[in-house]
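S.K.: Pasted the sequence and its predicted model underneath.
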Amino acid sequence: MSKKKIGIIGGGISGTALGWNLCLYDDAEVTVFEKGRIGCGTTAKSAGTVCLFDDSLNNRYWDVRLYGFETYLKMEAERKGSAGFDKTGTLVCATSEKEVKRIKAGIALARSAGYTGEYITDKKRIHDILPMLNTDSILGAGYTKDDGYFDGTMISNTFAAKMEDLGGTILRGAEVTEIVIENGTAKGVKTKDGDTYDFDVVVDCTGPWSRFTGEMAGLDVPIWHTKAEAFFVVPPEKHLDYVFPILKFPAFYALRAGNNIFICKSHLSMNLDDPMHAGQWDPDRLPEREGTDDYFIDFLFHQFEENVPGLTDAGLNSSWLSYRAETRDFLPIVGDTPVKNYLLATGYGGNGVIEAPAVSRDLAKYIMRGESTLLLEEWAFSRLLKKKGE
Amino acid sequence: MKIAVCVKYVPVDSKVDVDPKTHALVRSSGAGEINPADRYAVEMARQLSEEDGVSFDVFTMGPDGAARALKYAMALGAEKAVLLSDIAFAGSDTLGTAAVLAAALKKYGPYDLVLTGNASNDGATGQVGPMLAQMLGVPDVTNAVEAETDGKTAILKKKDGNTLYTLKTALPALASVPFGANTPELPTLRHQVAANQREFDTVSAADLGLDPDTLGQAGAKSIVTDTVNVTAQKQGIELIGSVDEKARDFADTVDKIQQAIGGGKHA
Amino acid sequence: MPKTAVFTWLKDGKLSDRIAQLVNNGVQAAAEQPVSLYVFGDGADAGLAKDVAFTGVDKLVIVNTPGLAFYQTDALGQAAAEAVQADGIDVVVAEAEPAGQAILSRAAVITGGGMTSDCTQLRFEGGSIRQIKPSFGAQVMVACEVKGTPAYMTMKNNGTAPVPPDSAVLTPELRTYDGASAITCTGTEPLPESSHLTGADVVVVAGKGVLESGQFDAVKAYADSIGAALAGSRPVADQGFIPFDDQIGESGTVIQPKLSIIFGVSGAIQFTEGIKGDGKIIAVNNDPNAPIKGFADVFICADIGEFLVSLKAQN
């Protein structure tokens, strides 16, 4: 049997999820190139929230969300800790009638799939779930106990291990420095060590590095970086005697991380035209910690004054800055590009952990059998090209 | 009683790369933070300042970005914050740094107690504290984990190996505080946001009446001439063999390191 | 030829065991010429001469500093500076340990000399002394030079060969330094082997791999046996094996021990960012590709359970 040789650039959640899905086809020969460590880049700084009624990925893509969530639940059931699941539940706060409707639809969808979920207007009950909240500022809140957050690095490493079990190859510390293009067709890659690899298909899974990766293929990948500035704070009472759920407001979210609370401005509230929010930067120059701007801590403080007064006197423990790879419509770019046999699975923005399983499932089938899906059609590169021409 | 805390703004990343053309060291990012040990010096000052009539100021020498270290201390209660910033300060060795700090402390002082971190994470020489003390003509205690003062004398507890020495000295004096000395209070969001808005002084060589030729690269007496060897990643070793051999080599390695860090000092 | 001297201080009445190495460093700095040796200490007398009879030393000065202990650096700095000035010493070599470092820092200020600390090697080249030292968290070795004299250098223990003992014992020049210190000691107390986690010199860290192999108790016992503080990664804290306060990492406690021994931690940055400084790191993991390998000075790939059984059998 002649095998289809696929090279994947990037060993984060995108590359490892795709690598594993491809290895499920016995005629695929898969190699992942990771210049650092598996799941070490943007993936490592992901909050990893996969919420059943989430605002970060529209209800239109409910199946994508559910598929991601259940993939990780099964991963966790196979081997405890392999997806780093912390089942804290989620409280999504509504500040407008429009959000009430969206949250209620999310609850209906979650219940349809057999999960619990309810929309609560009784302020006392909301207060019982999260005592530090100012319930006056909200109309109500959607709540489920069934979801929580995962660990993107753990998931990537688990996908990587599963992929290697199926015969896939992971090259760690292998930096791709050239994409071999002949007659407008991708033929392989070269690495920093000077090795050349031939492939039938090359897939860019490099997230915020995609501009640079795309340049090697002569491709302008239309992604921007938005800043994900996360702060770890210690609530004034130091040890909370309740489970702090994932807390979602339109402009920010919070979740527990050990004894601390992780807080961040939400990715959909980022404006690609605001230079404080978005730009084109070099992810290689990101520090592992710190590097944050006063702007974000000021922003979050004012959000908390209004909505979560219990956190305004929280202690600032540490922070980090990450770059999300965002497209103009905040949806990923998946599949074919103008360069033949050079595919993308990038631009997940803040949603890589949520979206990678469903995207990888569909993209693997497309690569191996040529069959597209509705999802791939909606998230195709061509949608962005058309907009460009308009 | 007035306390001065001298802090350093250090790079977050210890990772370095070598520029393939110039062979100069380049850090992967410009991000910095207050030197980890200096948090403990700030905390010691903060605790002492809970007493009536005790206040603390914070000083740092560095580029504009170093103001972040000042803002951290301001969020924890520093009264005055001073950024010592001048192109003439760039490339200072430990003596040059101490000289600038000494001039600033004289300008803003006198201070009864000067606190520093025991050593910085990047340079890690631990020299600036003692040098600064000598320039100020005061005694110094390094590795001081606790301080108590009545405004005239200070009781400083110094950790040395597995012994804690209780040392007493008249003020003014200087103490260097190690990482882990206490449990630093965290700046709250509220205080940090307020501190980010606060003014601080920016002071140049001329403001301090210092001759630029004696400062920075020009005045440095200990200079780095070249880079001998660079390893981008830590070159670790792997112990191999049977599990018993690995366990034996492991135990030997742990023993050796423990002896070495006991200081080989007749532990 | 610059006048080179090795300085050493008695601590609790005892000589350092690194003097013969320092003499070798000094001789290398002095282009293979012999050096002077200065021993400072409370009650230091001629009786020490036979204990410091080393080849490569052609002059021995013993400076009695009555009543002064290692922490009285104000007076000891003055004593060192006076020796440098009185004898016109150009180069001082000493051990890179906290007391000596503080004393020489003060002496450098008094004498207007430059100082390079934590050197691992000294080489006399082209008329000057190249001081090789680690920098940037020991990832890079840099060469330094001190401009002018006197020049002070402190030496890390980097396995320099000690010079051999000399059968001929030098007649020491005996001096006394009478200066007083502003510092007095009112008491001492012993510290427990490992106080709290952030200040501990040696930390043993248990990760998820330890839980998976059911070896938490064995790791804890090992930590106790070597007097180390015990900490864990997030999954270990999440599952209640250690308090959250003892969880190492970005979202937990940041430590800076001299030695970290890490069992069963994969090494995601959330974890590795919790260990700072240039302490040694030893990691044991059953995954030969675990990212922690790139973070460790010494890596061992082994089944945690088998490894601990074997380790226990060693003692």
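M.R.: Right, received. Where do you want to start? Numbers count the residues shown, from 1 in each chain, chains lettered A, B, ... in the order given.

S.K.: how about the nearest residue to whichever residue of the stretch 1-150 of chain C sits closest to chain B, chain neighbours excluded?
M.R.: Across the stretch 1-150 of chain C, the shortest distance to chain B (CB to the nearest CB) belongs to residue C:114, at 2.6 Å. Where C-beta positions appear, they are placed from N, C-alpha and C, glycine not excepted. Spatially, and ignoring its direct neighbours in sequence, residue C:114 is nearest to residue B:221 (2.6 Å; CB to CB, 6 or more residues apart in numbering or on different chains).

S.K.: Next up, the contacts around the residue of the stretch 1-150 of chain C closest to chain B.
M.R.: Contacts for residue C:114 (CB atoms under 8 Å, 6 or more residues apart in numbering or on different chains) come out as B:93, B:95, B:220, B:221, B:222, C:108, C:146, C:147, C:148, C:151, C:152.

S.K.: Identify the residues contacting residue 173.
M.R.: No chain in the question, so chain A it is. Counted by CB under 8 Å, 6+ apart, residue A:173 has contacts A:34, A:35, A:36.

S.K.: nope, chain C please
M.R.: Going by CB under 8 Å, 6+ apart, the list of residues near residue C:173 reads C:59, C:60, C:61, C:62.

S.K.: Save those as CSV, and put in neighbour count and distance to residue A:259 too.
M.R.: Converted to CSV, the contacts of residue C:173 look like this (neighbours: other CB atoms under 10 Å in any protein chain shown; distance: CB to CB, whole Å):
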residue, neighbour count, distance to residue A:259
C:59, 16, 60
C:60, 21, 58
C:61, 20, 57
C:62, 22, 56
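
S.K.: Of these, which belong to helices?
M.R.: Among the contacts of residue C:173, none falls in helices (DSSP state H).

S.K.: can I get these in TSV with pLDDT and distance to residue C:24?
M.R.: Supplementary listing: the contacts of residue C:173 in TSV, determined by pLDDT from 0 to 100; distance: CB to CB, whole Å:
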residue	pLDDT	distance to residue C:24
C:59	94	17
C:60	95	16
C:61	96	19
C:62	96	21
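
S.K.: Could you dump those into JSON lines with distance to residue C:1 added?
M.R.: Formatted as JSON lines, the contacts of residue C:173 follow (distance: CB to CB, whole Å):
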{"residue": "C:59", "distance to residue C:1": "14"}
{"residue": "C:60", "distance to residue C:1": "19"}
{"residue": "C:61", "distance to residue C:1": "19"}
{"residue": "C:62", "distance to residue C:1": "24"}
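
S.K.: Please flag which of those residues sit within strands.
M.R.: Here DSSP state E is the test, and the contacts of residue C:173 give C:59, C:60, C:61, C:62 as lying in strands.

S.K.: what are the ranges of the helices in chain C?
M.R.: Remark: helices assigned in chain C by DSSP H are C:19-29, C:73-87, C:98-111, C:208-212, C:216-225, C:234-238, C:269-272, C:304-314.

S.K.: mean pLDDT for those helices: which is lowest?
M.R.: For these, the bottom mean pLDDT is recorded on helix C:269-272, which sits at a mean of 72.

S.K.: Let me see the domain layout of chain B.
M.R.: Per automatic domain parsing, the structural domains of chain B span B:2-219, B:235-267.

S.K.: One more: chain C?
M.R.: C:4-176, C:202-314.

S.K.: just for the stretch 1-150 of chain B, where's the confidence low?
M.R.: B:13-29, B:123-124 (pLDDT under 70).

S.K.: Need the residue closest to the centroid of the chain.
M.R.: No chain in the question, so chain A it is. Centre of chain A computed as the mean C-alpha position; nearest residue by CA atoms, centre = their mean is residue A:352, 2.2 Å away.

S.K.: The chain in question should be chain C.
M.R.: residue C:97 (5.4 Å).

S.K.: Got phi/psi on that one?
M.R.: phi -130, psi 160 (degrees, to the nearest 10).

S.K.: and it, how far is that from residue B:142?
M.R.: According to CB to CB, to the nearest Å, residue C:97 and residue B:142 sit 11 Å apart.

S.K.: re the thing from before, which pair of the contacts of residue C:173 spans the longest distance?
M.R.: The distance between the two most remote of these (CB to CB) is 11.0 Å, for C:59 and C:62.

S.K.: ok, back up a step: what kind of secondary structure is the residue nearest to the centre of chain A in?
M.R.: Three-state assignment for residue A:352 (DSSP: H, G, I helix; E, B strand; the rest coil): helix.

S.K.: Return the residues in contact with the nearest residue to it once chain neighbours are set aside.
M.R.: Excluding its sequence neighbours, the residue lying closest to residue A:352 (CB to CB, 6+ apart) is residue A:13, at 4.6 Å. Neighbouring residues of residue A:13 by CB under 8 Å, 6+ apart: A:39, A:43, A:46, A:152, A:155, A:156, A:159, A:348, A:352, A:353, A:356.

S.K.: and the fifth one, what element?
M.R.: Okay, so that is residue A:155. With elements taken from DSSP states H and E, the one containing residue A:155 is helix A:152-165.
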